[in-house]
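> starting from these lines, generate the structure:
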Amino acid sequence: MHKHMPTLDLHNLYHHEVEKYVTEFINFLDPPFKIITGKSEKVRSIVIEIIKRYDWTHHDEYYQNYGCLIIMERNSQ
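The predicted structure is shown next:
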């Protein structure tokens with residue numbers, strides 16, 4: 001299902017670079033897409049903060065893969 005989704009891999013970036021790369025990546029995208037954060041809690045929290053600004057939601061790619069987020073549109077109710 002998620003095989004051909006647009007994907008941003010944040011491995012090897014400094015924390016201060018993450019916001020710029022994520023913002024540029026999602027600027028012209030509509031969910032769903034993937035952002036690979038790796039095991040860094042700091043990178044993950046930066047990405048989640050950005051996603052919240054767009055009023056989107058997220059979940060881990062797989063139950064045990066904490067290092068990859070799937071970004072989804074929030075269900076309107």
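> got any ranges where this structure has weak pLDDT?
By pLDDT under 70, the weakly predicted segments of the chain are 1-3, 76-77.
> run the chain-centre distance for stretch 9-27.
Average the C-alpha atoms of stretch 9-27, do the same for its chain, and the two points are 10 Å apart (C-alpha atoms, centre = their mean, to the nearest Å).
> quick check: buried residues in it?
Buried residues in stretch 9-27, defined by neighbour count with 16 or more other C-beta atoms under 10 Å: 10, 13, 18, 22, 25-26. C-beta: built from backbone N, CA, C; applies to glycine.
> between all of those, which two are separated the most?
Taking C-beta to C-beta as the measure, the buried residues of stretch 9-27 span a maximum distance of 15.1 Å, between Leu13 and Ile26.
> which stretches of the protein form helices?
15-26, 41-53 (DSSP state H).
> how much space between the residue lying closest to Phe33 once chain neighbours are set aside and Lys39?
Leaving out its chain neighbours, the residue that sits closest to Phe33 by C-beta to C-beta, 6 or more residues apart in numbering is Pro6, at 4.3 Å. Here the distance between Pro6 and Lys39 works out to 22 Å (C-beta to C-beta, to the nearest Å).
> comparing these two, which residue is more hemmed in?
More neighbours surround Pro6 than the other of Pro6 and Lys39, with 14 against 9 (other C-beta atoms under 10 Å).
> show me what contacts that one?
Pro6 sits next to 25, 29, 33-34 when contact means C-beta atoms under 8 Å, 6 or more residues apart in numbering.
> of those residues, select the buried ones using a PyMOL command.
With 16+ other C-beta under 10 Å as the burial test, the buried ones among the contacts of Pro6 are selected in PyMOL as follows:
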select buried, resi 25+33+34
